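> coords please:
(2 chains)
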Amino acid sequence: MQNILQVLVAGLAIGFIYSLVATEYTLIYNATGLVNFAHEAFIVLGAYLFGGTFVMLLPERSLVSILCTLAAMALFGVLVSKTIFNPLRNMTFATYAMFGTMMLSRILTEIIRLAWGPIPFAVKGFLRGSVHIGSVVIARANVYIIIVAVAVVVALQLFFKMTKTGKAMRCVAQNKDAAALMGINVSKNINVTVALSSMICAIVGILITPLFNVSLAMATSTALKGFCAGVVGGFGSYPGAIVGGILIGLLEQIGILFFPAVYKDVVAFAVMILFLLVRPGGIVQARKS
Amino acid sequence: MRRKMGALIAAILSLSLVACSGGFGTASALSGEAAGSLSNPQSQSASATDGEPIKIGLCIPVTGNFAASAVRIQQGVKLAVKEINEGGGLLGGRPIKLVVEDDQANSDISVQMINKLASQDVSAIIGPYLSANTLAAADTITQNELVCINGNSSVALRALENKWYFRCRAADNIAVQALAKKVSESGATKVAIMCVNDEIGQAAAKLYMEYFDSVGMPYFNEGHNTEDTDMTGQLTKAMAEGCDAWVMSTHNNAVAVIARQMNELGIKNQPVFTNPIIAQTEVLALMEPEWIEGWQCVSDFSYTDEREFQADFARRFKEEYNEEADVQAAIYYSCMTVLADSIERAGSDDRAQIRDAMAQTSGLQVPIGTVRATADEYTNIIFEIAVSEIRDLTPYIIDTVSLID
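Below is the predicted model:
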C-alpha cells in the first residue's frame, strides 16, 4: 500500500510538470498555429538563467532570482516572437515553420552550451529535502511543483477570462482574421502569448532544477512527454493539457509496479498512439475553428 | 513581404544549424572554448620541438549528453601532450598535434569521425568515450588499420579480439568482481542491482547476477534508462523486496537522481557500491554530502591518492587547471602516455609499428596503474583497480585489486 501511495504522489508531481509543458505549447499553438518544437530549449534556458546566472549573482535570494528569470524569459519570448514565430506563422507550408522551430531548438542548445559550458551543475539548497505525510515521503520539490502548477493553471484561466489581454488572446486563438477586424493587434498579441509561454517554460525549468539538476539534456524526456500529454488531453485545449499531463504521469509510475522500469518511457508514447487511433481529439475532444 | 521574411529566416536558421552542429566539423576551437581554461599545448611548446608534427586523433563527445566527460578527457590528454612537447616531443623532436573530432557519443557519428581522422593521416586515435561507440566502430578501426586506445570498460570489447584496439583501464569484470565481493562481505541479505539500460550497464548487471548466483546471494535486478529523471518506482520496488545493499553501474545524471531519491526515501546506512561514476568531480558537484556518505566505488584514480606517482600527477594537474584531477582525466592522460611511449619505442609514426610496440608495453607506470600488455592478450593492458569510499564528497582509496601479482 505504501508503495502505491509513493508512486501515486511521484506520478502526480511529474504529471503536473507534463501539464505545464503541454499548457505552454498549447498557448503558442492556439495563437500562431505553430507547434513549438523549441520548448525543450526554452525550459533549459530558463533553468540555466536561474541556476547559472541569477542565483550566482543573487545568492540567498531565490525569489528575486526567480522573478529576474521570469522577466528575462519574457523578454526573450518577445524577441523570438518578433523575429521567428510571427514571420514563420504566415509561411505557405506549415512544414517549413515546423523545421524553423526545430532549428531554433538546436541553435539555442548550442548557445547555452557555449555560454555556460557543458558540465551539469546543481543549485545547492534549492527546494531540497523531503516532507513526510504518514508513511509516504514526498520530495519538497514535488510539493512545490504541485502547488505552483495549480497556481499557474488557475492564474491562466483568470487571465483569459477576466483581463482584456486574455480575452484578446482567446479571440486571436479562435479566429485571427476576425480578431484583426475587431481591432486587435494580432502580431502584438502573439508577442504577449509567446512571452507568457516562455515564462511558463522558465517556471518548468526552475521547478525541475532540484529534481534533475541543470544540464543540457535535463528537459528532453519531459518535453517529449509533455507533447504526448497535450495530444492525449486534447491538442489545443488547456483543460486537456492538464488532464493529459496528470494521466500520463500517473500511468507511468503505476506501470512501473507491474513491468520493468526500463519500459517506463513506453507508457507515454503508447497511450498517445492509442488515443490517436481511438480518440484523436483527446480526452477533452478539443475542437478548433 | 512577410512570406519572403519567413523564407529568409528559415534559410538563416538552416545555415546556423549547420554552423553550430558539432558533428560535421573539427571541434578543436569549440572544445577549447567549452573547456574554459584549457591551454593550447601546441602554441606553448612550439619552441621546444621541431620537425613534422605527429598527428593523434581524439574522437570524443564534445557536444551531447556526455560533453562534461569530454572536458575532463581533453584536460588529461592535453596535459600529457603539453608535457611531452615541452620535453622535446617524440622521435627526435617531433611535436604531437591533436586533431579533435566530436562524435556526440553517437555510434554512427563515431564511425564517421574515425573514418575522417583516418583520412587525415593520424597515426593513432584516442577514443571513443563510450563502449557502445567503440563496438560500433570496431570494424572501421580494423579496416583503417588504426591504433585505437581508450578508457572503455565493457567486457564485450575484449571478445572482439581486435588487434588494433587497446583498453587502458581495468575491464568491468575486474571492477564488478571487486565490488561484488565487498557486498558478500558486508553482511547484506539481499542486493538490489540497479544498472543503466545500455551496453555497459547491462553487461555489468549480467556479471553481478552471475557472481551472486555463484555465491548464493539473493538479488533483485531493476534497470533504468540513461535519461530517466525519476527512480521512485525502482527504489520502492527494491525496498519492497527487502534489499539491504545496492550495486549500480550507471551514468552522471542518473546516479545523482538515485542518490537524492534514496536519501529522500530514507534508504540510509546501507552499503552502496557503484562504478567509478561517483568518483568523477562533475558528478560529486551534483551531490549533497549526506546523500552518498560512505558509498564505495571502483575508481581508477583519486586525487587524494597518497602514492608518490599518483600524488605527483594530481599536483601537476592542479597546477595546470587549478582544479582537482578527475578520474576521466587520469584515464585519458594514461592513454596518451601509453601511446607516446609506444611511438617512441616503435621509432616510427607508422600505425602497424605503433600497434606492435603497444602490444609489448610492460612495466610502464601511468596514473591509473602499471601497464602490462602481453602478446597473448588482446585489448587489456591494465589489470588493477582501486576501491574508493566517499567521505564529505571526496573519494578516498581504501583498497586496491589486481589480477597480476
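
> please make it C-alpha for all contacts and neighbour counts, starting now.
Fine.

> what strand or helix carries the closest residue to B:Ala178 other than its chain neighbours?
The shortest distance from B:Ala178 to any non-neighbouring residue, by C-alpha to C-alpha, 6 or more residues apart in numbering or on different chains, is to B:Val401 (6.8 Å). In the assignment (DSSP states H and E), B:Val401 maps to strand B:394-402.

> that strand pairs with which strands?
Taking DSSP bridges as the criterion, strand B:394-402 pairs within the sheet with strand B:384-391 (antiparallel).

> any idea which helix or strand carries B:Lys181?
helix B:172-185.

> would you mark the buried spots in that helix?
Using 16 or more other C-alpha atoms under 10 Å in any protein chain shown as the test for burial, helix B:172-185 gives B:172-180, B:182-184.

> want to try a markdown table for those, with pLDDT as columns?
Formatted as a markdown table, the buried residues of helix B:172-185 follow (pLDDT from 0 to 100):
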| residue | pLDDT |
| --- | --- |
| B:Asp172 | 89 |
| B:Asn173 | 88 |
| B:Ile174 | 88 |
| B:Ala175 | 90 |
| B:Val176 | 91 |
| B:Gln177 | 90 |
| B:Ala178 | 90 |
| B:Leu179 | 92 |
| B:Ala180 | 92 |
| B:Lys182 | 92 |
| B:Val183 | 93 |
| B:Ser184 | 90 |
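
> ok, these vs A:Met199, which is closest?
B:Asp172 (45.5 Å; C-alpha to C-alpha).

> sec struct for the closest residue to the closest one other than its chain neighbours, please.
In this structure, B:Asp172 finds its nearest non-sequential neighbour in B:Ser153, 5.3 Å apart by C-alpha to C-alpha, 6+ apart. Following DSSP: H, G, I helix; E, B strand; the rest coil, the label given to B:Ser153 is coil.

> isn't B:Ser153 up against B:Phe166?
No: applying C-alpha atoms under 8 Å as the test, B:Ser153 and B:Phe166 come out as separate, 10.9 Å apart.

> what about the nearest residue to A:Ser81 once chain neighbours are set aside, neighbour count?
Nearest in space to A:Ser81, with sequence neighbours left out and distances taken as C-alpha to C-alpha, 6+ apart, is A:Asn191 at 5.3 Å. A:Asn191 has 24 neighbours, counted by other C-alpha atoms under 10 Å in any protein chain shown.

> that's a helix at A:Asn191, yeah?
Yes: counting by three-state DSSP, A:Asn191 falls inside a helix.

> hang on, the earlier thing: kindly reformat the buried residues of helix B:172-185 as TSV containing distance to A:Ile273.
What follows is the buried residues of helix B:172-185, written out as TSV (distance: C-alpha to C-alpha, whole Å):
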residue	distance to A:Ile273
B:Asp172	39
B:Asn173	41
B:Ile174	44
B:Ala175	42
B:Val176	40
B:Gln177	44
B:Ala178	45
B:Leu179	43
B:Ala180	42
B:Lys182	46
B:Val183	44
B:Ser184	46
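
> spit out the contact partners of A:Ile254.
A:4, A:7-8, A:11 (C-alpha atoms under 8 Å, 6 or more residues apart in numbering or on different chains).

> of those residues, which is the nearest to B:Pro53?
Distance to B:Pro53, by C-alpha to C-alpha, is smallest for A:Gly11 among the contacts of A:Ile254, at 57.3 Å.

> that older thread, of the contacts of A:Ile254, which belong to helices?
Of those, the ones assigned to helices by DSSP state H are A:4, A:7-8, A:11.

> which among those residues end up buried?
A:7-8, A:11.

> three-state assignment of whichever residue of chain A sits closest to chain B?
Closest to chain B within chain A is A:Ile119: 4.4 Å, counting by C-alpha to the nearest C-alpha. The local conformation at A:Ile119, judged by three-state DSSP, is coil.

> residues near it, how many?
Quick note: A:Ile119 (other C-alpha under 10 Å) scores 22 neighbours.

> who touches it in this structure?
Counted by C-alpha under 8 Å, 6+ apart, A:Ile119 has contacts A:215, B:67-69, B:282.

> point out the residues in the stretch 51-200 of chain A that sit beside chain B.
Residues of the stretch 51-200 of chain A lying close to chain B by C-alpha under 8 Å from any C-alpha of the partner chain are A:84, A:87-88, A:90-92, A:96-97, A:99-100, A:103-104, A:106-107, A:110, A:113-114, A:117-122, A:124, A:129-130, A:137-139.

> and the residues you listed, which of them are in strands?
A:130, A:137-139 (DSSP state E).

> give me the buried positions along the host helix or strand of B:Ile141.
Here B:Ile141 is covered by helix B:131-144, with elements defined by DSSP H and E. Of the residues in helix B:131-144, B:131-138, B:140-141 count as buried by neighbour count, 16+ other C-alpha under 10 Å.

> which among these gets closest to chain A?
Nearest member of these to chain A, counting by C-alpha to the nearest C-alpha, is B:Ala132, at 18.2 Å.

> just give the nearest non-adjacent residue to that closest one, would you?
Closest to B:Ala132 by C-alpha to C-alpha, 6+ apart is B:Glu199, at 6.2 Å.

> now B:Asp230
That would be B:Val257: by C-alpha to C-alpha, 6+ apart, it lies 6.8 Å from B:Asp230.
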